[in-house]
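J.: quick check, what structure comes out for this input:
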Amino acid sequence: MTLATLAQQATQEVAAVLAQALPDAATKMAVPILNARRIALYGVGREGLMIKALAMRLFHMGLDAHVIGDMTTPHIGTGDLLIVSAGPGYFATVDGLMQAAAEAGAETMVITAQPDGPLASKARHVVHLPAQTMANDQNGPASILPMGSLFEAVMFLFFEILILHLRDLRGVSAEDMRAAHTNME
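T.: Numbers count the residues shown, from 1 in each chain. Modelled structure (predicted):
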């Protein structure tokens, strides 16, 4: 296959997942984010990189968003929201963080490809992105993208579309977001 053909197939796969997930998943995710006093976010591996991208955009929108593991992550509790990623349905570290957040009174949200998975059953909010992950990349038709990359690619674009939706809901302009971007680069 040519590189152009590979790119076309990959973007078609991402578009197909987004078509299934939107607008319901974005609406489901927006309300708890807008109602949260503070937002803590966590993901492992490449999913964690996508979660960090979302945290940055939430910060650019003027929301009190933090990545768990950073030294400046504050205490969360009642009125706060923990957003975690668990594409395959379960990660032990995510489970522990969800338990700690719930015990502190925070709401929990899981972004997953497995809406019936063990972590989804524990979350107050479940955002389903129906994409192949590394957990199911050997069963049935496989994505052209390696391992769990389809889920991760979908996460990135879904989060950027979510930010556009949140920006409209909050009345935040592109210029407002740009003004919140770091000048320490």
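J.: C-alpha only now, for contacts and for neighbours.
T.: Noted.
J.: phi, psi of Gly96?
T.: phi -60, psi -40 (degrees, to the nearest 10).
J.: in a strand, Val127, correct?
T.: Yes: Val127 sits within a strand when classified using DSSP: H, G, I helix; E, B strand; the rest coil.
J.: give me the number of residues near it?
T.: 23 (other CA atoms under 10 Å).
J.: quick one: end-to-end length of stretch 112-120, please.
T.: With CA to CA, to the nearest Å as the measure, the first residue of stretch 112-120 is 8 Å from its last.
J.: what sits up against it?
T.: Outside stretch 112-120, the residues that touch it by CA atoms under 8 Å, 6 or more residues apart in numbering are 85-90, 95, 110, 121, 126-133, 151.
J.: tell me which of those fall in strands.
T.: Using DSSP state E, the subset of the contacts of stretch 112-120 located in strands is 85, 110, 126-128.
J.: where exactly do the helices run in this structure?
T.: 3-21, 24-35, 45-60, 92-103, 149-170, 174-180 (DSSP state H).
J.: now mean neighbour count, distance to His75 and mean pLDDT too, for those, in TSV please.
T.: Shown next, in TSV, are the helices of the chain (neighbours: other CA atoms under 10 Å; distance: least, CA to CA, whole Å; pLDDT from 0 to 100):
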stretch	mean neighbour count	distance to His75	mean pLDDT
helix 3-21	14	32	96
helix 24-35	16	17	96
helix 45-60	19	16	97
helix 92-103	16	9	98
helix 149-170	19	24	97
helix 174-180	13	23	94
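J.: picking that back up, tell me which of the ones in strands among the contacts of stretch 112-120 is nearest to Gly77?
T.: For the ones in strands among the contacts of stretch 112-120, the closest approach to Gly77 (CA to CA) belongs to Val110, at 17.0 Å.
J.: the closest one pairs with what?
T.: Under DSSP bridges, the beta-bridge partners of Val110 are Val84, Val126.
J.: okay, now it: neighbour count?
T.: The number of residues packed near Val110 is 30, by other CA under 10 Å.
J.: that one contacts Val127, doesn't it?
T.: Yes: using CA atoms under 8 Å, Val110 makes contact with Val127 at a distance of 6.2 Å.
J.: thinking again about what came up before, take the ones in strands among the contacts of stretch 112-120 and lay them out in JSON lines including distance to Ala179.
T.: Formatted as JSON lines, the ones in strands among the contacts of stretch 112-120 follow (distance: CA to CA, whole Å):
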{"residue": "Ser85", "distance to Ala179": "28"}
{"residue": "Val110", "distance to Ala179": "30"}
{"residue": "Val126", "distance to Ala179": "32"}
{"residue": "Val127", "distance to Ala179": "30"}
{"residue": "His128", "distance to Ala179": "32"}
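J.: nothing else from me, thank you.
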